[in-house]
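[1] what follows is a predicted structure for the sequence shown.
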Amino acid sequence: MSTVRIIGLDLGTTGARAVLADLSGSTEAVYEAPYDLHTPRPGWAEQSPQAWEAAAYEAVAAVASVAARPDEVRAIGLTGQMHGLTLLDDEQRPLREAILWCDLRTGPQRRALENDIGVPTLIRHTGNLPLEGFQAPKLAWVREHEPRRLERTAHVLLPKDYIRLCLSGECWTDVSDASGTGYFDSATRRWSNAMLNILEIDPAWLPEVRESPQTAGRLTPAAAERLGLRAGIPIAAGAGDQPAGAVAAGVVVEGDAAITIGSSGVVFAASSAYGAAPDGRVQVGAHALPQRWYLMGVTQAAGLSLRWLRDTLLPDATFAELVREAEQSTPGSRGLLWLPYLQGERTPHLDVDARGALVGLTTAHRRADVVRAVLEGVAFSLRDAAVAIEGVGAGMHRFKLAGGGARSPLWRQIVADVFEAPMRVEAEGRGPAFGAALLGAVAAGLFASVEEAVAETTMPFATVTPNAAGSSALEAAYARYRDLYPALADANRAAAATQAAEFNAT
């Protein structure tokens, strides 16, 4: 008897990850195809859309081959890294490498947009400031530095929607991903004509917008043959990686929140009503469910902090070894503090000049203390984001912990202790790709709604409860952590200026 299956594809920062799942929520195959991140200058981050395409086809074909018959796969859902700028010409060919969410070159353009347009106007039309990662300041940078490319531009797409174009030949996006461009009105869930006029963006460049669980394109015969699937199956509009991950985690109603530790760190809260922070320090957007929104805080370097420590200072150690060693330290890391601002910081500081720091170091400290301080510093930065979200009025009562960091028993205990709240741990194999698959299932009519899809595919999960002694020690450390950003702000601005000058001189 044939089994109905769905595929979700997550176009991540390090690779394309595909999952094959059935309607009970079981993940039957997972495959990831990596690609390179290019950093041609400090603070820049780019990728090749052609590399995305090759990896996406490889990953989807790999999981599709596990199905007994091609017609068992009824839908595809798409998700991926948010905010990236992909420029195409009138023949739908990339005009340059995509500029990614973590690219920081657009600091001057962001400041100019804020000064020229004004924060109240930006918040009124979009709910957000034009953060460095958003498309709006990236387009301003291209207009200033590569005007001829902009003259040839016919399409402006987000990363996952470039893959949709490859699979379906159609240009669409969804409300959640569009919310992170800087010219989308999340309150009304449509492009902001006012912002398009202010930013001199041609509406013809932009794809049409649909709700995340709606069909937005169908698999072409050519793509189907390449993937070993049936032509014509629906491709869901999908969602940005954070909203899709929230769907996978069941974060779909008021009071639900997801804490994700990946390369970046995210606190994502579901809301039944639209509401924006007046100062723009919390990102607001349309959720992957109709008439639902999200509030999101981001720390730029979460898992990236641990990767930097390993790659730069401890290259002979594995991540597992480092985390096991950190267990030999104590809550509070024996007075050591880590500021994870390796790529500036988003929430709550919105400061591209913020810099990382290891504070309190003595000859008595061991490697275990340093690693634990990094894990704790990331947890402190996530709590900063949660405090900012709560300041907008969002209540968070139920937490789901997700991402690579959630696989570490020590790191998830640290997060539970810092938040002083139980943490439900995401089941293995879940994540944005699984959430995208559920959106695909709704688009294909296999579930009546996203809520039904979540309810029907819920899996058992572990819960980590806070430890009273750990919470007490980390509360004291968090208070000292909060003092460090203002204390180091002037020194960090001077460091950023020196670093920029040294690069420009080379």
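    Great, that's in hand.

[2] point out where this protein drops to low pLDDT.
    Regions of the chain meeting the criterion pLDDT under 70 cover residues 1-2, 503-506.

[3] how many residues are close by residue 188?
    11 (other Cβ atoms under 10 Å). In this view, the C-beta of every residue, glycine as well, is placed from N, C-alpha and C.

[4] which residues in the stretch 401-506 of the chain form helices?
    409-419, 432-443, 450-456, 468-505 (DSSP state H, counting those that start in this stretch).

[5] adding distance to residue 211, write these out as JSON lines.
    Below are the helices of the stretch 401-506 of the chain laid out as JSON lines (distance: least, Cβ to Cβ, whole Å):
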{"stretch": "helix 409-419", "distance to residue 211": "32"}
{"stretch": "helix 432-443", "distance to residue 211": "9"}
{"stretch": "helix 450-456", "distance to residue 211": "10"}
{"stretch": "helix 468-505", "distance to residue 211": "38"}
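
[6] of all the ones you listed, which one is nearest residue 334?
    The closest of the helices of the stretch 401-506 of the chain to residue 334 is helix 468-505. By Cβ to Cβ, the value is 10.2 Å.

[7] identify each buried residue in the closest one, please.
    470, 471, 473, 474, 477, 478, 481, 484, 485, 488, 492, 496 (16 or more other Cβ atoms under 10 Å).

[8] follow-up on the earlier one: to residue 57, which of the helices of the stretch 401-506 of the chain lies closest?
    Closest among the helices of the stretch 401-506 of the chain, using Cβ to Cβ: helix 432-443, at 15.1 Å.

[9] name the helices or strands packed onto the closest one?
    strand 5-11, strand 15-22, strand 73-80, strand 234-236, strand 239-240, helix 241-248, helix 450-456 (3 or more Cβ pairs under 8 Å, 6 or more residues apart in numbering; DSSP states H and E).

[10] circling back: ok, which of the helices of the stretch 401-506 of the chain comes nearest residue 247?
    helix 432-443 (3.7 Å).

[11] so the closest residue to residue 314 other than its chain neighbours versus residue 335, what's the distance?
    Nearest residue to residue 314, sequence neighbours excluded (Cβ to Cβ, 6 or more residues apart in numbering): residue 322, at 6.6 Å. As for residue 322, its distance to residue 335 is 20 Å (criterion: Cβ to Cβ, to the nearest Å).

[12] compare the two and say which is more crowded by neighbours.
    residue 322 (21 against 16).

[13] which ones are touching that one?
    306, 309, 310, 314, 371 (Cβ atoms under 8 Å, 6 or more residues apart in numbering).

[14] which residue packs closest to residue 379, ignoring adjacent ones?
    Nearest to residue 379 is residue 418, by Cβ to Cβ, 6+ apart, at 4.2 Å.

[15] confirm for me that the one you found is in contact with residue 383.
    Yes: the pair residue 418 / residue 383 is scored as a contact, 5.3 Å apart, by Cβ atoms under 8 Å.

[16] helix or strand for residue 195, just tell me which one.
    Element membership for residue 195, per DSSP states H and E: helix 193-199.

[17] for residue 298, same thing?
    Assigned by DSSP H and E, residue 298 falls in strand 293-299.

[18] for that strand, list the C-alpha coordinates in CSV.
    Extracted C-alpha coordinates of strand 293-299, given in CSV (Å, rounded to 0.1, in the frame of the first residue of the first chain):
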residue,chain,number,x,y,z
TRP,A,293,2.4,37.2,13.8
TYR,A,294,5.8,36.8,15.4
LEU,A,295,8.2,38.8,17.6
MET,A,296,11.8,37.8,17.2
GLY,A,297,15.1,38.7,18.9
VAL,A,298,18.4,37.7,17.4
THR,A,299,22.0,37.3,18.6
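
[19] parallel or antiparallel, which strands does it pair with?
    In the sheet, strand 293-299 lines up against strand 265-271 (antiparallel), strand 283-286 (antiparallel) (DSSP bridges).

[20] need the ones you listed in JSON lines (columns: distance to residue 47 and mean neighbour count).
    As requested, these are exported to JSON lines (distance: least, Cβ to Cβ, whole Å; neighbours: other Cβ atoms under 10 Å):
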{"stretch": "strand 265-271", "distance to residue 47": "20", "mean neighbour count": "26"}
{"stretch": "strand 283-286", "distance to residue 47": "22", "mean neighbour count": "29"}
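
[21] of those strands, which is nearest residue 179?
    Across these, closest to residue 179 is strand 283-286 (Cβ to Cβ), at 3.0 Å.

[22] show residues contacting the closest one.
    127-128, 131, 175-176, 178-180, 186, 189, 240, 243, 274-277, 292-298, 346-347, 392.

[23] re the thing from before, out of the helices of the stretch 401-506 of the chain, which gets nearest to residue 84?
    Per Cβ to Cβ, nearest to residue 84 of the helices of the stretch 401-506 of the chain: helix 432-443, 14.7 Å.

[24] angle of the closest one against strand 5-11?
    On the basis of axes from the mean of the first three to the mean of the last three Cα atoms, to 10 degrees, helix 432-443 is oriented at 130 degrees to strand 5-11.

[25] determine which two of the contacts of residue 322 are furthest apart.
    Greatest spatial distance in the contacts of residue 322: 306 and 314, 10.0 Å, computed using Cβ to Cβ.

[26] same drill for the two, tell me which one is more crowded.
    residue 306 (24 against 16).

[27] in contact with residue 270, which residues?
    246, 251, 252, 253, 254, 255, 256, 257, 287, 292, 293, 294.

[28] most neighbours out of those residues, which is it?
    residue 246 (33 neighbours).

[29] that residue reaches residue 288, doesn't it?
    Yes: between residue 246 and residue 288 there is a contact under Cβ under 8 Å: 7.2 Å.

[30] show me the common contact partners of these two, please.
    residue 435.
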